[in-house]
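Undergrad: coords please:
(one chain, ligands or ions: 1)
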Amino acid sequence: MEVELKEMLDELETLKRSLPDPSHYTTIDKLRLHVEHLTNLAKSAPVRRSKVKDMSAEVVDSNPYSRLMALQRMGIVENYERIREFSVAIVGIGGVGSVAAEMLTRCGIGRLLLYDYDKVELANMNRLFFRPEQVGMTKTDAAVQTLSEINPDVVLESYTLNITTVQGFETFMKSLTNKSFCPSKEGSGVDLVLSCVDNYEARMVVNQACNELNQTWMESGVSEDAVSGHIQLLIPGETACFACAPPLVVASGVDERTLKREGVCAASLPTTMGVVAGLLVQNTLKFLLKFGYVSPYLGYNSLKDFFPTMEMKPNPQCSNVACLERQKEYILAKPARDAAAKAKMEADASSTTECPLHDDNEWNISVVDDSVPDRKDARSSDALPEGLIHELPSADEFQKLPASEASATATDDLEDLRRQLEALNG
Ligand SMILES: [Zn+2]
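TA: Numbers count the residues shown, from 1 in each chain. Alright, predicted model coming up:
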């Protein structure tokens, strides 16, 4: 910016000299003063941090990655720095997508591809991420502006387009297959696609693209009444695709832009959207860095603070042709998968010798073992002194629900899921 302003000053000077009539000098001098003022403002703008070549685990205040690299020291992640090799595409930079993008940027993801056709509006300010001064900018450009300031190490690509148009879909597919960031990568050019869109049609388009490319993706959604949401992992051929469950999902064919014009407006809360974005990125980190359990489906009902989970197998009668092809491939690859799983199990069994995480434990830090304890042991460690009782049931108590009650909960969940999916369709 400073360079451009300097050029402008030079051009004004040249213009002044070329004018035969001195009566215009005052106007030019006024313009020069304005540009000089802008130059001073630009100089006082906050300094951006420089790029970091290698992620370091060094514990100093100036290291932007020390807290993330500590995940390795704590034994949660084997190799955190691998995050720099990954590309994640986020479709829909709204209340969920923008927050997910910020989280991944702060985590030091290698590359982010951002897709949205919309502009930032004042009506978006009840959510996180965008700021009032960004009103009028495209959501993708505004996101790139903020994210590049937060972490200049992340490679950001902004796609201001509508993936549901023919041309938009073509560009979308082309960008997903571009391998220039990591040429050695197998499959498509990205490691994961996150769908953070707010309508059925766009979800079906992401589903189509990912089925065609055999691309693993995660879907997310927040209900129109703003109080529940979900995330879902979709692996073509292995799990249900978005078109696999027609009874629950019915195309409404309603364009959300017409809805907006008529003044019908879905509710939204920064809390629910923040929770869903958090669940989505948590699942993304676990999937990419291979730690913990990657949820196939996780719902969130904020009114009951209830988190339903489930798994969905692909539908052999799915209407999506690419889904059926992926299903066939998945079945054909079963023997190879079984052999690999067996080999891994044998390798794990042979390397049973465990050694302490740190030989020198200067601060005497110990990590709580969170493996499932033996039921009997858990009881004895939970024992309270005489006269005291637990106010809340322990997590184990939920396992002991009577059968009838448990099945009632399951029906409830299904009803809830049906309502959520219906809400998605507007
Ligand atoms: Zn399907």
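Undergrad: need the strands for this protein, in chain order.
TA: Taking DSSP state E as the criterion, the chain carries its strands at 87-91, 111-116, 155-160, 192-195, 217-222, 228-234, 297-301.
Undergrad: Redo those strands as TSV? Include mean neighbour count, mean pLDDT and distance to the ion.
TA: In this view, the C-beta of every residue, glycine as well, is placed from N, C-alpha and C. Output for the strands of the chain, formatted as TSV (neighbours: other C-beta atoms under 10 Å; pLDDT from 0 to 100; distance: least, C-beta to the ion, whole Å):
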stretch	mean neighbour count	mean pLDDT	distance to the ion
strand 87-91	25	98	18
strand 111-116	25	98	22
strand 155-160	18	97	26
strand 192-195	26	98	15
strand 217-222	25	96	13
strand 228-234	24	96	9
strand 297-301	21	96	15
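Undergrad: So for residue 73, which of the ones you listed sits nearest?
TA: Nearest to residue 73 among the strands of the chain is strand 87-91 (24.9 Å), distances taken as C-beta to C-beta.
Undergrad: Show me what that closest one is packed against.
TA: With contacts defined as 3 or more C-beta pairs under 8 Å, 6 or more residues apart in numbering; DSSP states H and E, strand 87-91 has these neighbours: helix 97-106, strand 111-116, helix 166-177, strand 192-195.
Undergrad: Run through the residues that contact the residue positioned nearest the centre of the chain.
TA: Centroid check for the chain by C-alpha atoms, centre = their mean gives residue 100 as the closest residue, at 3.8 Å. By C-beta atoms under 8 Å, 6 or more residues apart in numbering, the contact set of residue 100 is 90, 194, 196, 220, 277, 280, 281, 284.
Undergrad: The fourth one contacts residue 96, correct?
TA: Looking back up the chat, that one is residue 220. Yes. Counting by C-beta atoms under 8 Å, residue 96 is a contact partner of residue 220 at 5.4 Å.
Undergrad: where exactly do the helices run in this structure?
TA: Using DSSP state H, the helices of the chain run over residues 2-18, 25-43, 66-73, 97-106, 139-150, 166-177, 200-213, 256-261, 270-289, 321-332, 334-350, 375-382, 403-424.
Undergrad: Quick check: which of those has the most neighbours on average?
TA: Comparing the helices of the chain by mean neighbour count (mean count of other C-beta atoms under 10 Å), helix 97-106 comes out on top with a mean of 24.
Undergrad: Can you lay out the helices and strands packed on strand 87-91 as a markdown table showing distance to residue 150?
TA: A markdown table is the format used below for these (distance: least, C-beta to C-beta, whole Å):
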| stretch | distance to residue 150 |
| --- | --- |
| helix 97-106 | 5 |
| strand 111-116 | 11 |
| helix 166-177 | 23 |
| strand 192-195 | 18 |
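Undergrad: Out of the ones you listed, flag the one nearest residue 234.
TA: The nearest among the helices and strands packed on strand 87-91, by C-beta to C-beta, is strand 192-195 at 8.7 Å.
Undergrad: Which strands or helices does that closest one pack on?
TA: Against strand 192-195 (3+ C-beta pairs under 8 Å, 6+ apart) you get strand 87-91, helix 200-213, strand 217-222, helix 270-289.
Undergrad: Apply 10 Å and report the result again.
TA: In terms of contacts (3 or more C-beta pairs under 10 Å, 6 or more residues apart in numbering; DSSP states H and E), strand 192-195 is packed against strand 87-91, helix 97-106, strand 111-116, helix 200-213, strand 217-222, strand 228-234, helix 270-289.
Undergrad: Ok, which of the ones you listed comes nearest residue 300?
TA: strand 228-234 (4.9 Å).
Undergrad: Are there helices or strands packed against the closest one, and which ones?
TA: strand 192-195, helix 200-213, strand 217-222, helix 270-289, strand 297-301, helix 403-424.
Undergrad: List the neighbouring strands of it plus their orientation.
TA: If you go by DSSP bridges, strand 228-234 pairs up with strand 217-222 (antiparallel), strand 297-301 (antiparallel).
Undergrad: mind giving me the domain ranges of the chain?
TA: 2-43, 66-331 (automatic domain parsing).
Undergrad: least reliable of those domains going by mean pLDDT?
TA: For the domains of the chain, the weakest mean pLDDT is recorded on domain 2-43, namely a mean of 86.
Undergrad: got the residues of the stretch 151-300 of the chain near the ion?
TA: Within the stretch 151-300 of the chain, the residues that sit near the ion (C-beta under 5 Å from the ion) are 241, 243, 244.
Undergrad: Can you report phi and psi for the first one?
TA: In other words, residue 241. phi -90, psi 180 (degrees, to the nearest 10).
Undergrad: Now do the contacts for it.
TA: 204, 207-208, 210-211, 217, 219, 234-235, 312, 314-315, 318-320, 322-324, 326-327 (C-beta atoms under 10 Å, 6 or more residues apart in numbering).
Undergrad: Not counting residues beside it along the chain, what's closest to it?
TA: In space, and not counting its chain neighbours, residue 241 is closest to residue 323: 4.4 Å by C-beta to C-beta, 6 or more residues apart in numbering.
Undergrad: Many thanks, I have nothing further to ask.
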